[in-house]
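Novice: just to be clear, the model below is a prediction. Sequence and coordinates:
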Amino acid sequence: MLLELSPDQEMLRQTTARFLADHVPSDVLRRLRADDAGFDRGYWAEGAGLGWTSLLVDERHGGGSVSGTGLVDLTVIAHEFGAAAAPGPLVVTNVVAAALSAAASADSAAAHEEVLAGLLSGETIAAWCPPPAAGGTGEIVGTADGDDIVLTGVARPVEAAGQADCFLLTARLPEGRTQLLVPAGTPGVSVEPLRSVDLTRRLGLVRLDAARLPRAAAVVGEPGTADETDEWLRQLALVIVCAETTGAMQAAFDLTVRWAFERYSFGRPLASYQALKHRFADMKSWLEATHALADAAAAAVAAGTPDAAELASAAKAFSGDYGGELAQDCVQMHGGIGVTFEHDLHLYLRRITLDRALYGTPADHRLRVADAFEHSKERA
Amino acid sequence: MLLELSPDQEMLRQTTARFLADHVPSDVLRRLRADDAGFDRGYWAEGAGLGWTSLLVDERHGGGSVSGTGLVDLTVIAHEFGAAAAPGPLVVTNVVAAALSAAASADSAAAHEEVLAGLLSGETIAAWCPPPAAGGTGEIVGTADGDDIVLTGVARPVEAAGQADCFLLTARLPEGRTQLLVPAGTPGVSVEPLRSVDLTRRLGLVRLDAARLPRAAAVVGEPGTADETDEWLRQLALVIVCAETTGAMQAAFDLTVRWAFERYSFGRPLASYQALKHRFADMKSWLEATHALADAAAAAVAAGTPDAAELASAAKAFSGDYGGELAQDCVQMHGGIGVTFEHDLHLYLRRITLDRALYGTPADHRLRVADAFEHSKERA
Amino acid sequence: MTSEQEPRPGSAVSAAELAADRDLDSFRRRARAFIRENLRAIEPEERFGLMRPKLSDEEELAAVAREREVQRLFYDHGFAGLCFPEEYHGRGLTPAHQRVFNEEIVGYEYPGRLQAPTFSPCAAVLLECGTEQQKRRHLPRILRGEEIWMQFLSEPSGGSDVAGALTTAVREGDEWVLNGSKIWTTGAWWSDWALCLARTNWDVPKHRGLTVFILPLRAEGVELHRIEMLNGLKDFCQEFLTDVRVPDSDRVGEVDGGWTVGTRWLFHERMLHNSPFVTMPLGTGYSGTNPAMLVDVARAAGTLDNPRSRDLIGEARVLDLAREALAGRIATGIRSGRMPDQSAAIGRLFTGVAATRVTTIAFELAGATAAAWAEGDGTLAEIGNDFLMRQVSCIGGGTTEMARNVISERVLGMPREAAFDRDRPFRDVPRGARNRL
Amino acid sequence: MTSEQEPRPGSAVSAAELAADRDLDSFRRRARAFIRENLRAIEPEERFGLMRPKLSDEEELAAVAREREVQRLFYDHGFAGLCFPEEYHGRGLTPAHQRVFNEEIVGYEYPGRLQAPTFSPCAAVLLECGTEQQKRRHLPRILRGEEIWMQFLSEPSGGSDVAGALTTAVREGDEWVLNGSKIWTTGAWWSDWALCLARTNWDVPKHRGLTVFILPLRAEGVELHRIEMLNGLKDFCQEFLTDVRVPDSDRVGEVDGGWTVGTRWLFHERMLHNSPFVTMPLGTGYSGTNPAMLVDVARAAGTLDNPRSRDLIGEARVLDLAREALAGRIATGIRSGRMPDQSAAIGRLFTGVAATRVTTIAFELAGATAAAWAEGDGTLAEIGNDFLMRQVSCIGGGTTEMARNVISERVLGMPREAAFDRDRPFRDVPRGARNRL
């Protein structure tokens, strides 16, 4: 997270942090593992009132940022989500809201204003089905049948698939890859739940089995242009996820530093052992580097600079690998207590581990970085 | 190296260790960087008298082991070579001697007994040109012309190429891949020196440009059977190199432990700092694991067990990677002095670094291990 | 009950056969025949002990019961306690015999739950430090699978500092009254006895005020709580001791001399995988991911032919071969005296670090599916949870940090860490906010 | 000589132009024009400073001469000492100006040998701690490229313990007599002056008996020895001081108050890459392998399309981007006070570790050729020697171990290491066999 927030950003951060501390403290999170949805819709609607879903939406459609750069504002919220291991479909609703807002601004899909309004109010949950280029697997093919489109295929993993009222997905249509908004209740659409390492975040496999829907209502944006939009949405998702991972890393680190001061062994606090001190120093360097890279990626994606894709992938690769190592080092510092269900540490470890896998693993993103790097080097 | 040597092995070890300490102490090694050969032929002949080249040679041909397992005896010498960063073509002369001895035993190449005798006395230097499967690059093709064979191709890197009186190489002949002994003076044979990270060990590229030699004198072993022999020689080379790396690791480690006790910082010996103590503990675990794996590989290759190839590759991969890390950690413990030319540490770092690259890098050998492992798993 | 009335070891076998066991080859033949006839062959997958919640409580209890049966079979056929003295119903054979048996049992069921900590460290400690009466009472029963023991060593306050025990024993006449809490006992809920380290003197430095007791797990005042791990595993327990009364005859070693016992205790704990008292198929005793699984994982992920996958698989296999070779070297070295006893910590360190790396490699190979999987994902399922549990390999059985201390200080002889609990009465040692009971 | 007689900064430019420099945009335009007109554009390969012996002594001296020229050009055009006060012939501008200049100079030659340690820490220390006379005498000359400074800090006995200096200064009237040895001065053989930390009192704890002096490198009694590194590099020097006499007017700070100066000295040393006093193209100041080279290495090795190679290249590039982003974050944080000054150690640690990793990746990608190469192997040549020198990134400019100490103790506030040299007279501090002079 940025070292210096504007007063408005700081207020946004504090409001969200307090709300999460009040509504989803760690004992609530532990109970939510048994909850089918992993979160309460009332909680989500209240959070939406705090701005959780409006920052990537144009003011004309009811959204708005606090700093002028909504994506950076959103990273502040995502950071607090990570720091609280908070439940809720933050990434996917914001990605869908961004897509619908952009499409509505282009005047091509006024039909989705109602969904967009629902996302803003928190009453509607939308799930984004990441295409393979964004770390999803499976492909969806659509055929035209009169005024309808008939979709077949699968997408996984999809965050909040079982809770979503509608899905934003990309299908290969005769006119090219096109984004579509698919109501969850559409006949032929089904969701198979996946198991995950996270306690509260639910994922699913979305299956479309000759699901038929009216073209006019379904298409988002210009047909055949999904490649470009997908890339933009992918970068948005990466930025939000990286901010969340950073928050979870920060919380795990802070928790473990406190432990090291308070826990005594052989008459001395753990924090006095040089071997552990040096590992804390390493962790601190990874943590600050993750903050820095995540912020650099957010700024680049928000500004649409040429290095945005490379920085977003670098941030995802770095936070995924070093986030995992940091969280595991925190476990090691705690000893056995750190892997018990009653301890809070695994809440962050889980979040970091799931985030690492979503929208491309570190290995996937290292390849993207290598491609981008080779390409930019050849051009230079 | 084995924890328990037989009295004969211990005497072999001590004799070699003392000889090396007397003849090639570190200031001599430093001076040898300017020596074209990297070693003195008189030194080599004296060493051969101590048994350096006879352990893989059958008694019938003038060789013999001290323990009944010559390869294991040879690892004792190789370990001392590593521990002294000693010069001399230990790997290649022994590989060639083993090949000639085996061939002579099979009664197919009595013509090479003179060369073998020269290797045993140390008066002859032979270089082995490892085929691509053993980490070499380049290929050699031979055509038949009457009673002659005409060879064209290159081999690199070849240890002691510039110093060798003859080369053992594998050429693709019409009747299949065949091992040949090629005198260095043969017209059409030339050596281009390579630069290397080692101070005393010289490598070269051997080029054969329509080099013509009489078939009867050249062929080693049964024509067309080189694949099998190459694999055996490859394993021998790996075992010797791993033992040498282990010796160099041991010497670098011992040197650095002593330094840690003697060097004071902030009024305390380095050895009293927990962060450093823990790194010494890690190093010790890598060092002992390298000893263990190198010994396991030597025993397996000597016995020709089915896991010999996998163990030899595992030992090479492990000693290459962890040897490098150990040596670099030793440098770090020393600080700037550890990378000066006047210090001894780089002698071991160099030897480990060169050994790591010869006869297959760790990455090459991990692939071999993966192949062997998958294969053995599928059979199970 | 005296040992006279008890069943004799090897009663199912002729005296001549037992006598022939001295010869290793003949012992091997007899062991092989026994194993093939009596024990169930297991699948390769069962051999590696990933720390996953695999069994229901009922299944777990059934498994324990079967293991007690198998141990009894060992006893009746003269394969229990090969290196225990005959006077305690062991066989009085050599470590080489145990090694032969461990070689032969590879691929077959074995009573794994009864080996550690029952045979080592508990039985080993009893044998070394127990009274004659204690040995005659417990060792034969342990050898027959009738007693499963726990070690009451770690405490919630203690972490790596086992000698900093806060559990207190106060003498009342011929009895001792114990109060406190112990933790990280694996399977205490189906076990019988415990070896318990307690503080009997708070007015001396910590190592000089400890005493060891024998404790029945079902004694009054022992309250047992099963700890849930993050992956749902409930193998570990915590015990709360409230006025538990133990007769002085169940004391092991001298009053306040518990650390003399404790030193041997920790030695036997570290020697586990090389102990002559432990039956364990050769090459097991490693709780990490089986490298053999990695080939299946990469295949399921569709990347088995990718050079990066093969590099990772090769790396894991190399680590596994190194771990195995190193264990052999250390065992040989300690046996011959060429390496100090404390060298066992080298193997512990290497194994812990290698296991976390192999677990991470499995996680890498599984790709995104590691973190979110469908029931039908086969070998890819649960790998994410293995990753969450990864550090257990570097924590359980003494942390890798403690191993590094031991290696640097006891093996390499480097100066010991400053400790603020060495030369002052234990009650004055700083304990910090998190070390209260 | 007084500053009145000296050439004025910016003499080649009109006063109006200089005045317009306050505005950042206008400054940027002027800087860009100056740079394109006067400086040589460099190849991307030249931008990364691999520690290889590239130049002969003659070439090195020519390069130093050219850098002095360039620095003088800076001075004459008003680009030298942007953040130094005008009274010492600096420009009195802001750190933002230095940053703009550092952005604009990317891709062009710059006087790199004159920046560290001359501008930071030496000139920065003089500015903060020097007398008015010292500042007026030296700072303008430094800004004009006439004086190149060294730091006489490390000693052969000292390692990371710079305050444990054994070099002694004894007062004789108005002079000080220095004896001892300093080491790791880069390029002392073509330099002019040194800032020297010396012990003036052996009877107080070490930090309280130090004093800082200004020393001409060509003074009588200074014997200079060039150290050969394992790869043949002879940039570093060691100096032997024998009865070197320095007037008391060349003392910096109080007698025995050298550690007050030393603390700022070390701060400026760590701030190097973020210092407002240093001209350095943005993104340089990193002595490791250039990740851009890796693509060429993999291509030359024939494995550019191998997924494992691409994974390694991606890893290196990610580390490099992280290093850059982190440097920016730390600079911002320290500037705004959100991070303590000591946070510079975080960047130092990360950079060192990342650099060794990137060097190792180059070595991996080069395969067997890394260790034995032909003259014609192009980019694959010498990579083995880079690997041998790998740790320099974690040693030079303060080891990563010291950085870890600083981060844990000064940034995270963890308890400091026990030191046996803190509260006793320095002459009684244990020094060990290897710390004698």
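Specialist: Everything's here; your move.
Novice: for the rest of this, base every contact and every neighbour count on C-alpha atoms.
Specialist: Fine.
Novice: residue ranges with poor pLDDT in the stretch 151-300 of chain C?
Specialist: Counting by pLDDT under 70, the stretch 151-300 of chain C contains low-confidence ranges at C:273, C:283-288.
Novice: in it, which spans are strands?
Specialist: Counting by DSSP state E, counting those that start in this stretch, the stretch 151-300 of chain C has these strands, from start to end: C:168-172, C:175-186, C:193-199, C:210-216, C:222-226, C:236-247, C:251-252.
Novice: any idea of the mean pLDDT in stretch A:148-159?
Specialist: Along stretch A:148-159, the predicted confidence averages to a pLDDT of 97.
Novice: for the spatially closest residue to C:Gly10 that is not a sequence neighbour, what are its contacts?
Specialist: Here the nearest residue to C:Gly10 in space, its sequence neighbours aside, is C:Gly78; by C-alpha to C-alpha, 6 or more residues apart in numbering or on different chains that works out to 3.9 Å. C:Gly78 makes contacts with C:Pro9, C:Gly10, C:Ser11, C:Val13, C:Leu18, C:Arg91, as judged by C-alpha atoms under 8 Å, 6 or more residues apart in numbering or on different chains.
Novice: how does it look with 10 Å?
Specialist: C:Gly78 makes contacts with C:8-14, C:17-18, C:21, C:31, C:72, C:89-91, as judged by C-alpha atoms under 10 Å, 6 or more residues apart in numbering or on different chains.
Novice: can I get the strands of the stretch 151-300 of chain C in TSV with distance to D:Leu126?
Specialist: Output for the strands of the stretch 151-300 of chain C, formatted as TSV (distance: least, C-alpha to C-alpha, whole Å):
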stretch	distance to D:Leu126
strand C:168-172	63
strand C:175-186	60
strand C:193-199	61
strand C:210-216	61
strand C:222-226	66
strand C:236-247	63
strand C:251-252	71
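Novice: would you turn these into JSON lines with mean neighbour count?
Specialist: Compiled in JSON lines, the strands of the stretch 151-300 of chain C are given as follows (neighbours: other C-alpha atoms under 10 Å in any protein chain shown):
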{"stretch": "strand C:168-172", "mean neighbour count": "18"}
{"stretch": "strand C:175-186", "mean neighbour count": "22"}
{"stretch": "strand C:193-199", "mean neighbour count": "26"}
{"stretch": "strand C:210-216", "mean neighbour count": "25"}
{"stretch": "strand C:222-226", "mean neighbour count": "17"}
{"stretch": "strand C:236-247", "mean neighbour count": "19"}
{"stretch": "strand C:251-252", "mean neighbour count": "23"}
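Novice: just the buried subset of the contacts of C:Gly78, please.
Specialist: With burial judged by 16 or more other C-alpha atoms under 10 Å in any protein chain shown, the buried subset of the contacts of C:Gly78 is C:Arg8, C:Pro9, C:Gly10, C:Leu18, C:Asp21, C:Ala31, C:Arg72, C:His89, C:Gly90, C:Arg91.
Novice: excluding sequence neighbours, find me the nearest residue to the last one.
Specialist: I take that to be C:Arg91. Closest residue to C:Arg91 in three dimensions, ignoring its sequence neighbours and counting by C-alpha to C-alpha, 6+ apart: C:Leu82, at 4.7 Å.
Novice: do the same with C:Glu239
Specialist: C:Leu224 is the one closest to C:Glu239 (C-alpha to C-alpha, 6+ apart), at 4.6 Å.
Novice: which residues sit in contact with that neighbour?
Specialist: C:Leu224 neighbours (C-alpha under 10 Å, 6+ apart): C:Ser181, C:Lys182, C:Ile183, C:Ala188, C:Trp189, C:Leu217, C:Arg218, C:Cys237, C:Gln238, C:Glu239, C:Phe240, C:Leu241.
Novice: is it correct that A:Gly267 is in contact with C:Glu417?
Specialist: No. Checked against C-alpha atoms under 10 Å, the pair A:Gly267 and C:Glu417 is beyond contact range at 11.5 Å.
Novice: how deep is residue 275 tucked in, by neighbour count?
Specialist: All of this refers to chain A. For A:Ala275, the tally of surrounding residues (other C-alpha atoms under 10 Å in any protein chain shown) stands at 21.
Novice: hm, I was asking about chain C
Specialist: Residues near C:Ser275, counting by other C-alpha under 10 Å, number 21.
Novice: and it, how far from C:Asn102?
Specialist: In this view, C:Ser275 and C:Asn102 are 11 Å apart by C-alpha to C-alpha, to the nearest Å.
Novice: ranges for the helices of the chain?
Specialist: You didn't say which chain, so I picked chain A. For chain A, helices defined by DSSP state H occupy the ranges A:7-23, A:26-32, A:41-49, A:70-84, A:90-105, A:113-121, A:215-218, A:226-262, A:274-303, A:308-334, A:345-357, A:362-379.
Novice: other chain: chain C
Specialist: Counting by DSSP H, chain C has these helices, from start to end: C:15-20, C:24-38, C:44-47, C:57-76, C:95-104, C:124-129, C:132-143, C:258-270, C:291-300, C:307-336, C:344-366, C:383-388, C:392-395, C:400-406.
Novice: right, is stretch C:362-373 up against chain B?
Specialist: No. Using C-alpha under 10 Å from any C-alpha of the partner chain, stretch C:362-373 never reaches chain B; the gap is at least 13.7 Å.
Novice: for that stretch, output the C-alpha coordinates as CSV.
Specialist: As requested, the backbone C-alpha atoms of stretch C:362-373 are provided in CSV (Å, rounded to 0.1, in the frame of the first residue of the first chain):
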residue,chain,number,x,y,z
ALA,C,362,4.3,-30.6,-5.5
PHE,C,363,2.4,-27.3,-5.0
GLU,C,364,4.3,-25.7,-7.9
LEU,C,365,3.6,-28.6,-10.2
ALA,C,366,0.0,-28.7,-9.4
GLY,C,367,-0.4,-25.1,-10.7
ALA,C,368,-3.6,-23.2,-10.0
THR,C,369,-5.5,-26.4,-9.2
ALA,C,370,-3.4,-26.7,-6.0
ALA,C,371,-5.4,-23.9,-4.5
ALA,C,372,-8.9,-24.7,-5.8
TRP,C,373,-9.8,-28.2,-6.8
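Novice: deepest-packed of the helices of chain C, please.
Specialist: Of those, the one with the most neighbours on average (mean count of other C-alpha atoms under 10 Å in any protein chain shown) is helix C:383-388, at a mean of 26.
Novice: what is the mean pLDDT for that helix?
Specialist: Average pLDDT, helix C:383-388: 94.
Novice: is chain A contacted by that helix?
Specialist: Yes. Where contact is defined by C-alpha under 10 Å from any C-alpha, part of helix C:383-388 touches chain A, namely C:Ile383, C:Gly384, C:Asn385, C:Asp386, C:Phe387, C:Leu388.
Novice: domains for chain C, by residue range?
Specialist: The record's domain split for chain C, according to automatic domain parsing, is C:38-147, C:151-264, C:285-411.
Novice: picking that back up, so how far is B:Val72 from the residue nearest to C:Glu239?
Specialist: The separation that C:Leu224 has from B:Val72, given C-alpha to C-alpha, amounts to 55 Å.
Novice: if I pick the residue of chain A positioned farthest from its centre, what's in contact with it?
Specialist: Here chain A has its C-alpha centre computed as a mean, and the residue farthest from that point, by C-alpha atoms, centre = their mean, is A:Gly267 with 43.5 Å. Taking C-alpha under 10 Å, 6+ apart as the definition of contact, the neighbours of A:Gly267 are C:161, C:164, C:418-422, C:426, C:428-432.
Novice: residue contacts, the residue in chain C that chain D sits nearest to?
Specialist: Of all residues in chain C, C:Arg308 sits closest to chain D, with a separation of 4.7 Å (C-alpha to the nearest C-alpha). Contacts here follow C-alpha under 10 Å, 6+ apart; on that basis C:Arg308 touches A:Ala363, B:Leu367, C:Gly314, C:Leu365, D:Asn306, D:Pro307, D:Arg308, D:Ser309, D:Arg310, D:Asp311, D:Leu312.
Novice: list the residues that contact the third one.
Specialist: By C-alpha under 10 Å, 6+ apart, C:Gly314 lies in contact with B:313-314, B:317, B:362-374, C:291, C:294-295, C:308, C:320.
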